[in-house]
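**Q** Here is the input, now give the coordinates:
(one chain, ligands or ions: 1)
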Amino acid sequence: MNYQWYPGHMTKARRMMQEDIKLIDLVIELLDARVPYSSRNPDIDELGKNKARLVLLNKADLADESRNRIWAEHFREKGCYVAEVDSRSGTGMKQIQELIREACREKTERDRRRGILNRPVRAMVAGIPNVGKSTFINTFAGKACAKTGNKPGVTKGKQWIRLNKNVELLDTPGILWPKFEDQSVGLKLAVIGSIKDELLQTEELAMWILAFLREQYPGRLQERYGTREEGTDAKLLGEIADARGCLQKGGQPDYQKAAALVVDDLRSGKLGRITLELP
Ligand code: G4P
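**A** Below is the predicted model of the structure:
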């Protein structure tokens, strides 16, 4: 498979995570709310064992609201703290401070019993590329907080962002790699534009999207393009090309152009809020 991710990348990413994770109390695991399964690397369970965990369903603004709730419940049942967020606009951020406090309560109490008072919780953000780690850190940390700089005893070069007197965030996120063993994972990540898949053509992605939407979100295509959702996916793509004026010189449908339009519309949310998988 040809997905930008090679063993060298993965080994390096893993080594960095293993180093950084020693320094922290809490892992803030970012998932893409449209594909919470496919954007998750379960290795985090092993890497982050004995650490408190907060799962964030990021890009919740692009995902189906009712399915956001189903996924949030799913992770809660697994014992995680969960929030739905839109890191770009900041929606859902307010509750996070409180969730961090709850997730780390046990640790804070353990500290207190040992006479350690007011030691801030240290957290790191982790997730696969493009899930929104940098956006989250920027929005969450905002402008109000200052970088604390290097600290004695902490790996040189690590920057901590002081969020308040209770929480410090590592300013470099942990990079996880997607779990490609399951073929549909790569496909879905390509559909949402999170990875460049050099093997799949735009037309293949578009055809997958058409079939998926007809099955799981009937009416969406009709709403957007005014086409009837009948016949084969190829025929439907032709009708979308007609409806949108994606035509070649001779007036024939330009399938390539129509496919690019469909893929773009899905990624940008113009086809509505969509979640590609359920627990
Ligand atoms: P990373 O650090 O995990 O690699 O991801 P990054 O923050 O760079 O975000 C990847 C893309 O996802 C960015 O879009 C970013 O704006 C977008 N994004 C992040 N969080 C959210 C969210 O909650 N909702 C939505 N709708 N988008 C989000 P981009 O197209 O690469 O950049 P730009 O168009 O924002 O400049």
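**Q** ok, now which ones touch the closest residue to the ligand within the stretch 1-150 of the chain?
**A** Per CB to the nearest ligand atom, G132 is where the stretch 1-150 of the chain lies closest to the ligand, at 2.9 Å. C-beta coordinates here come from the backbone N, C-alpha and C atoms, glycine included. G132 makes contacts with L30, D32, N58, K59, S87, R88, as judged by CB atoms under 8 Å, 6 or more residues apart in numbering.
**Q** Which per-residue confidence value corresponds to it?
**A** For G132, the pLDDT comes out at 95.
**Q** Next, please give the residue ranges for the strands of the stretch 1-150 of the chain.
**A** For the stretch 1-150 of the chain, the strands defined by DSSP state E, counting those that start in this stretch cover 26-32, 52-58, 81-84, 121-127.
**Q** cool, and the stretch 151-279 of the chain?
**A** 160-162, 167-170, 174-175.
**Q** Nearest to the ligand among those strands would be which one?
**A** Among these, if distance is taken as CB to the nearest ligand atom, the winner is strand 174-175, at 8.0 Å.
**Q** Quick one: list the elements packing against the closest one.
**A** helix 7-21, strand 121-127 (3 or more CB pairs under 8 Å, 6 or more residues apart in numbering; DSSP states H and E).
**Q** Can you tell me which of these is most buried?
**A** strand 121-127 (a mean of 23; mean count of other CB atoms under 10 Å).
**Q** Where do the domain boundaries of the chain fall?
**A** Using automatic domain parsing, the domain ranges for the chain come out as 8-171, 201-268.
**Q** ok, N68 to L57 distance?
**A** 6 Å (CB to CB, to the nearest Å).
**Q** ok, these two, which is more surrounded?
**A** Each of N68 and L57 has its neighbours counted (other CB atoms under 10 Å); L57 has more, 26 against 20.
**Q** surely L176 meets A13?
**A** Yes. Shown here, L176 and A13 form a contact pair, counting by CB atoms under 8 Å, at 7.0 Å.
**Q** Just the pLDDT for the most centrally placed residue in the chain.
**A** Taking CA atoms, centre = their mean, the centroid of the chain lies closest to D32, which sits 2.4 Å from it. Looking at D32, its pLDDT is 98.
**Q** which residue packs closest to it, ignoring adjacent ones?
**A** Spatial nearest neighbour of D32, chain neighbours left out: S39 (4.0 Å); criterion: CB to CB, 6 or more residues apart in numbering.
**Q** K133 is in contact with that neighbour, correct?
**A** No. The criterion here is CB under 8 Å, and S39 misses it with K133 at 11.4 Å.
**Q** Run through the residues of the stretch 101-250 of the chain sitting next to the ligand.
**A** G127, P129, N130, V131, G132, K133, S134, T135 (CB under 6 Å from any ligand atom).
**Q** which residues sit in contact with the last one?
**A** T135 makes contacts with S87, R88, as judged by CB under 8 Å, 6+ apart.
**Q** got it, and the second one?
**A** For P129, the contacting residues are I175, S194, I195, by CB under 8 Å, 6+ apart.
**Q** how about TSV for those residues, with pLDDT, neighbour count and distance to L163 added?
**A** What follows is these, written out as TSV (pLDDT from 0 to 100; neighbours: other CB atoms under 10 Å; distance: CB to CB, whole Å):
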residue	pLDDT	neighbour count	distance to L163
I175	90	19	21
S194	90	23	27
I195	84	21	31
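**Q** quick one: least confident helix or strand in this structure?
**A** helix 7-21 (a mean of 85; mean pLDDT, DSSP states H and E).
**Q** residues in contact with that one?
**A** Taking CB under 8 Å, 6+ apart as the rule, helix 7-21 contacts 27, 43, 47-48, 51, 124, 126, 155, 158, 170, 172, 174-177.
**Q** so which one among those residues has the lowest pLDDT?
**A** Minimum confidence in the contacts of helix 7-21 sits at T155, scoring 46.
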